[in-house]
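Student: Quick check, what structure comes out for this input:
(2 chains)
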Amino acid sequence: MNSLEPVFRTENLSKYYPLTQSHALEGVSLAVKKGEFVGVKGPSGCGKSTLLYLLAGLIAPTAGQIYFQEKPVSRIKDKVRYRRENIGFVFQDFYLYPGFSVLQNVLFPCLYRGIVPVAARIKAEALLDELRMGHRTGAPVEVLSAGERQRACIARALLNDPECILADEPTGNLDSHNGQAILEMLKKINEQRKTTIVLVTHDERVSAYAHRLIHIIDGKLEHK
Amino acid sequence: MNIVSFLLKDIFRKKLRALLTILGISIGVCVCIVMLGIGESIKHSFKDVYGKRQIDIVIQENEQLSILLSRIEGNVSGRLKQFPEVEDAGAILLYIHKMQKAAVPVFGWETGDFLFEGVELTRGRLPAAGKNEVMVGDALMRALEKQPGQIKIKGQVFNITGVFKSSSPFEQSAVVMPLEDLQKTLGQSGKASFVNVKLKPAFRSGPAVEKTLNEIEQALPTVTAMRADAFVSEKTKFIVVGEQFSLMISLITIIAVALGLANTLIASSFEKKKFLAILLAIGWPKLAVGALFICESLVIALLGGGLGILLGFKATAFIFSAISIQAFVPQLSLVFIVKVVAMLLTGALFAGLVPAWITLNSNPVEIIRSE
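Tutor: Numbering: from 1, shown residues only, chains lettered A, B, ... in the order given. Predicted structure coming up:
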């Protein structure tokens, strides 16, 4: 796959939530190329997070189609494996599991097999080192600062060498200093690892880091 | 890190809740062990008496249900020894004596009876016939807090000449004296309650035993000859009925334990639903997330079960001690423990299925969006 080919492509993507009777997305068509850092901006409730969940195959679109490396996601039978092997998630609220250390939290994606391979542990330690968290591997996540928590989340997202990181408001719970540090870190990952990043945010600073911005308003793509 | 260390750490993240849950399970298991274990232990003890002494046949009065009321001629043992198949036979007279609110078995054994070979004198010597002498089991001795001295039975004073240990808990708590002395004391001269018969090795197989039983019943029409194992089964019938009742109570206890465990796990699943949603989002198969609950439930059940088995042993021993049969020790076979653990794990499996099912039917996106 060359860098011009899209990692994700959507065609007339729509999502309707019957429970809230709301159209989260309507007719969204876009493409994200391999190695791209794309910022998705828009007001709260405009459908930004829904776009991420659709790309990850966590929910199915009401209409339209999503392609991952030109294969329709709807036809991928094992969506769990698809997510595990291709997608890393970074959330605004971190979702680290209290009572466990930073290293253990980073290793959770591997634990479903019942045992964490030694290679995964070595890799997790290297990732934490790379994200300047090497000195905190054994610390319980409760004692981490917000910035450190988000870095632990990024390490967790990178453990399986995903093709793409889907980040949902990763700076939303951080002060401006830590927020900037996380954006710089994601940029570095994007440049050094060529990991595609789709980052949903309100943060105005993202324009300085993303290759391009996509604006969604009321579930529709706004072309600026 | 592996799934077991993860589960143990996760369970003990909320220490008080974990401890209370484990304690609840252990009390439930303890109840089961006590309910089922008492009958099991008594049955074991009965079997040991016959099994360890290699007794093949027991003779008692015809159509007599109670061994205490059974009366046969004591010289039957002499006649039985004439049978070519019989290696040895010993007549026993049994009487239950009330001593300090406890029921103490008093055995009259024939002098030179092979039963004497099954006991180990720890102090003193064997009682001699015609001298009002007895020996007592060491458990009875401990319970009476006595030094070898004297004991009064049916108004008659007997000198304690020895203390013995036996493989049979009944005998450990008993008084043993020569048969003729007990016959005299009870005013039942020449009588015995039953006779134990040991067959020669060549006649110990099933068909040979059956043939010998028939021969004995033909030669001695006033007695019933039974295989020792059938005799044990008959004499422990009351335990079997009790066991069925105990099993019912135990099952109800396990159901209550399982419901409590399910409740704890459901509360725990609600607490960590976001984390579980994230596990699903980062590529954990739903089945693996569901299995977490089942494994968690099984781990808690095993911890509680282990503690419950220990408590059950102690409680059973305490109960035996409280009802003055100190010589009984909980003899819970591996099969019995496996049965209790299997009942518990089945309950735990169902307890884990409830939160697992809730998780399997949840949508991670809905959980993540719910805040």
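
Student: Point out the residues in chain B that sit beside chain A.
Tutor: With C-beta under 8 Å from any C-beta of the partner chain as the criterion, chain B meets chain A at residues B:1-3, B:6, B:9-10, B:13, B:272, B:274-275, B:277-286, B:288, B:363-365, B:368-369, B:371. Backbone N, C-alpha and C define where each C-beta goes, glycine included.

Student: Give me the subset of the residues you listed lying in strands.
Tutor: Members of the residues of chain B next to chain A lying in strands (criterion: DSSP state E): none.

Student: which of the residues you listed are buried?
Tutor: Among the residues of chain B next to chain A, those classed as buried by 16 or more other C-beta atoms under 10 Å in any protein chain shown are B:1, B:3, B:6, B:10, B:13, B:272, B:274-275, B:277-284, B:286, B:288, B:364-365, B:368.

Student: which stretches of chain B form helices?
Tutor: Along chain B, counting by DSSP state H, helices occupy B:3-11, B:15-52, B:76-81, B:138-144, B:169-172, B:179-186, B:206-219, B:228-235, B:237-271, B:273-281, B:286-322, B:334-360, B:364-369.

Student: between the ones you listed, which gets nearest to residue A:71?
Tutor: Taking C-beta to C-beta, helix B:273-281 is the member of the helices of chain B nearest to residue A:71, at 20.4 Å.

Student: Could you check how far the closest one is from the centre of its chain?
Tutor: Mean C-alpha position of helix B:273-281 versus that of the full chain (C-alpha atoms, centre = their mean, to the nearest Å) differs by 48 Å.

Student: Counting by contacts, list what it packs against.
Tutor: For helix B:273-281, the packing partners by 3 or more C-beta pairs under 8 Å, 6 or more residues apart in numbering or on different chains; DSSP states H and E come out as strand A:87-91, helix B:286-322, helix B:364-369.

Student: From the rest of the structure, what touches it?
Tutor: Contacts to helix B:273-281, defined as C-beta atoms under 8 Å, 6 or more residues apart in numbering or on different chains, come from residues A:56, A:58, A:80, A:83, A:89, A:91, A:93, A:95, A:97, A:108, A:112, B:269, B:286, B:288-289, B:292, B:359, B:362, B:364-365, B:367-368, B:371.

Student: what about 7 Å?
Tutor: If you take C-beta atoms under 7 Å, 6 or more residues apart in numbering or on different chains as the criterion, helix B:273-281 is touched by A:56, A:58, A:83, A:89, A:95, A:97, A:108, B:286, B:289, B:359, B:364, B:367-368.

Student: before we move on, back to that, highest mean neighbour count out of the helices and strands packed on helix B:273-281?
Tutor: Highest mean neighbour count among the helices and strands packed on helix B:273-281 (mean count of other C-beta atoms under 10 Å in any protein chain shown): strand A:87-91, with a mean of 25.

Student: and the following helix or strand past it, does that touch chain B?
Tutor: Scanning forward in sequence from strand A:87-91 by DSSP states H and E, the next helix or strand is helix A:102-107. Yes: contact of helix A:102-107 with chain B (C-beta under 7 Å from any C-beta of the partner chain) involves A:104, A:107.
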